[in-house]
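[1] one predicted model, sequence on top.
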Amino acid sequence: MTKQHSVVAATLVAACIVVAVTAGEQNQGDRFAGVELTAAPVAGNVHMVQGRGGGNVGVFVGPDGVLLVDSLFAPLSDRLVAAVRTISDGEIRFLINTHVHPDHIGGNENLAGQGVLIFAHDNVRVRALERFRHPRGGGQRFLPAPPVGARPVVTYNDTVSFHFNCEEVR
């Protein structure tokens, strides 16, 4: 292969990589483009935000503010907050993570940036400090550790009680 052919081949490979990466980023954004989140009452001051493409979020509202259970994927954070605003204009103060799958902790960093304090079991934080195996489509893949700002700040070992909105939440 001549030097000119090598340059052409390298340029074509680079162009293919750029196209593949750009298409992958575009597809990731498109994945959430049509997702609409809606709030539904569950009981009393407890609601659920739900939508296609991920987990549900528990929402507990009252005079002290808002407590969330899980945070969905990061691209849905603004829509999650908008859905919560249809229930309450109170400050979103607390977030409890149930586990480390991306549809449960993906929005953590965005919410923490708005001043939300993140709680989780000790083991959730441990898993959030390292990359972890995540089953997908019958196979296995590794997901990177979440960014520092997405990790739980307060952890508990056995049980935790929130005395919030004139109720005890366990």
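    Great, that's in hand.
[2] okay, CA-based contacts and neighbour counts for the rest of this
    Fine.
[3] what's the weakest-modelled helix or strand in this protein?
    Within the chain, confidence by mean pLDDT, DSSP states H and E is lowest for helix 3-31 among all helices and strands, at a mean of 46.
[4] so which residue is dead centre in this structure?
    The residue lying closest to the centre of the chain (CA atoms, centre = their mean) is G106, at 1.8 Å.
[5] in contact with that one, which residues are there?
    71-74, 150 (CA atoms under 8 Å, 6 or more residues apart in numbering).
[6] next structured bit after the least confident helix or strand of the chain?
    strand 38-43 (DSSP states H and E).
[7] export that following strand as CSV, just CAs?
    Extracted in CSV, the C-alpha atoms of strand 38-43 (Å, rounded to 0.1, in the frame of the first residue of the first chain):
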residue,chain,number,x,y,z
THR,A,38,-47.3,12.3,33.9
ALA,A,39,-48.1,12.4,37.6
ALA,A,40,-50.8,10.2,39.0
PRO,A,41,-52.1,10.2,42.6
VAL,A,42,-51.5,7.0,44.6
ALA,A,43,-52.9,7.8,48.1
